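S.K.: Next one to model:
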Amino acid sequence: MLPRQYNNTYDLDFRKRQIDTLKIFNDNVREITENEDYTIQFESGGRIFYLNVQLGKNFPTEKPKIIVSPLVQHHWVNSNGFDVENAPGLLNYSKHSDLGRVVQAIIREFEKFPPPLLSTNEVSPNASAGSSKDGSPLDNLTIPSNTDHDLPNLSAMSLDELKKLDTDPEFFDDFIEEMSVVQHLNEELDSMINQVENISRENESKESNLSELKLKLNDDVTALKNLGEKCDQLNLKYIKKSEEFAPQHIRELLQIAASNSDTDCEKHVEQFLNGKIDVQTFLNSYTCSKKISSERKAKEERLGHQLSAFERAGI
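M.R.: Below is the predicted model:
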């Protein structure tokens with residue numbers, strides 16, 4: 001198809017700016033014919049739909065033609081099941097409207113309210129049906145008058161070619177392969193295959209690094225486990241030391257030690273009375289044991305006062 005000629009550079013720039021809004025506000029925009037024909041894929045109700053946006057010679061002064069595929073029943077769509085004519089953005093269209101927002105509103109409407117599909121016997125005679133290779137009707141094959149770019153022109157084919165299309169599987173397959181939709185699907189499939197291959201190569205290149213990271217992770221887990229065991233041991237040791245140096249425990253030890261010193265004093269007295277030690281030895285031993293006992297009792301008593309003060313203070 002030869003590119004159309006436009007009135008001036010301004011009109012072409014204005015047209016391109018409108019097309020840019022189509023790509024900005026919508027995903028999956030594919031260019032069929034530069035500056036003229038675009039298709040957009042979207043999903044609604046678990047089905048794949050396509051909007052075909054056709055820009056006439058006088059666009060954006062005249063509004064675009066928008067076609068939905070497959071055939072649907074919706075109050076924005078003409079009775080033929082594919083011409084979107086009653087969308088507010090089209091009804092109120094002006095050359096200052098954003099093409100991208102108009103199309104975006106239509107897609108959001110279909111996404112929010114998934115339209116039911118129509119078969120050919122439910123639409124006006126603007127659609128035609130053929131036969132499959134096994135003779136069954138192709139209920140969903142419709143050929144709108146403005147979609148010559150999507151399907152080869154059947155009207156240009158001879159009767160023999162049409163019969164061959166119905167009876168020759170190879171000829172039928174070639175016919176299908178020539179359809180722009182199929183070509184776009186093949187291109188998309190090739191692109192996806194390339195993406196998968198690239199991802200596969202990236203994964204292979206990262207495999208060795210991933211193995212190293214796994215080994216490092218195992219080493220870190222082992223080290224963490226060892227540190228955890230060491231931490232448990234130190235915690236038990238800390239608890240034991242905390243109990244040993246607890247003020248109440250120290251007080252009890254002082255009481256026991258003072259009692260032992262008093263017992264030593266009594267032993268020295270008993271040894272002296274029994275004549276086992278002389279006076280000087282008795283005095284030295286008794287005096288030392290008594291001094292130790294007094295010191296321990298004094299410390300125990302002072303610690304007891306401090307603990308009592310802590311209890312009264314709620315500490």
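
S.K.: any idea how far S294 is from L254?
M.R.: Here the criterion is CB to CB, to the nearest Å. By it, S294 lies 12 Å from L254. For the C-beta atoms, the positions are set from N, CA and C on the backbone; glycine is no exception.

S.K.: can you check M192 too?
M.R.: 84 Å.

S.K.: Between the two, which is the more surrounded one?
M.R.: Neighbour totals were compared for M192 and L254, and L254 leads with 20 against 10 (other CB atoms under 10 Å).

S.K.: which ones are touching the more buried one?
M.R.: Taking CB atoms under 8 Å, 6 or more residues apart in numbering as the contact definition, L254 lies against 296-297, 299-300, 303.

S.K.: Flag the shaky bits of the stretch 201-315 of the chain, pLDDT-wise.
M.R.: Within the stretch 201-315 of the chain, the set of residues satisfying pLDDT under 70 comprises 315.

S.K.: Show me the contacts of L254 that map onto helices.
M.R.: Counting by DSSP state H, the part of the contacts of L254 found in helices is 296-297, 299-300, 303.

S.K.: Scan those and report the most crowded one.
M.R.: R296 (20 neighbours).

S.K.: List the contacts of it.
M.R.: 254, 257-258, 261.

S.K.: between these, which is nearest N186?
M.R.: For those, the closest approach to N186 (CB to CB) belongs to L254, at 94.6 Å.

S.K.: Which phi and psi values does that closest one adopt?
M.R.: The phi and psi values for L254, taken as degrees, to the nearest 10, are phi -60, psi -40.

S.K.: How about it: what's its closest non-neighbour residue?
M.R.: Nearest residue to L254, sequence neighbours excluded (CB to CB, 6 or more residues apart in numbering): E300, at 3.8 Å.

S.K.: residues in contact with the one you found?
M.R.: E300 touches 251, 254-255, 258, counting by CB under 8 Å, 6+ apart.

S.K.: got it, and S97?
M.R.: 60, 63, 89.

S.K.: tell me which element the first one falls in.
M.R.: When elements are defined using DSSP states H and E, P60 is found to belong to no helix and no strand.

S.K.: and what of the last one?
M.R.: Here G89, judged by DSSP H and E, is contained in helix 88-91.

S.K.: List the contacts of that helix.
M.R.: Here helix 88-91 has contacts from 63-64, 66, 84, 97, 101-102, 105-106, using CB under 8 Å, 6+ apart.

S.K.: What residues sit buried inside it?
M.R.: 89-90 (16 or more other CB atoms under 10 Å).

S.K.: right, and the helix or strand after it?
M.R.: helix 99-112.

S.K.: hang on, K57 is in a helix, isn't it?
M.R.: No. Counting by DSSP: H, G, I helix; E, B strand; the rest coil, K57 falls outside a helix, being coil.

S.K.: List the backbone torsions phi and psi for it.
M.R.: phi -60, psi -30.

S.K.: possible to save the contacts of S97 as TSV with pLDDT and distance to N198?
M.R.: Converted to TSV, the contacts of S97 look like this (pLDDT from 0 to 100; distance: CB to CB, whole Å):
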residue	pLDDT	distance to N198
P60	88	39
K63	92	41
G89	91	39
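
S.K.: Please, where are all the helices along this protein?
M.R.: Going by DSSP H, the chain shows helices at 9-25, 88-91, 99-112, 159-167, 169-177, 180-244, 247-273, 279-313.

S.K.: now, of the ones you listed, which is deepest in the fold?
M.R.: helix 99-112 (a mean of 19; mean count of other CB atoms under 10 Å).

S.K.: which residues sit against it?
M.R.: Contacts of helix 99-112 (CB under 8 Å, 6+ apart): 18-26, 40, 42-44, 49, 51, 53, 60, 64, 66, 68, 72, 74, 76, 84, 87-90, 93.

S.K.: surely P116 meets Q73?
M.R.: Yes. Counting by CB atoms under 8 Å, P116 does reach Q73; the two are 5.1 Å apart.

S.K.: who has more neighbours, these two?
M.R.: Neighbours were tallied for P116 and for Q73 using other CB under 10 Å; the higher tally belongs to Q73 (13 against 10).

S.K.: State the pLDDT value of that one.
M.R.: With respect to pLDDT, Q73 has a value of 92.
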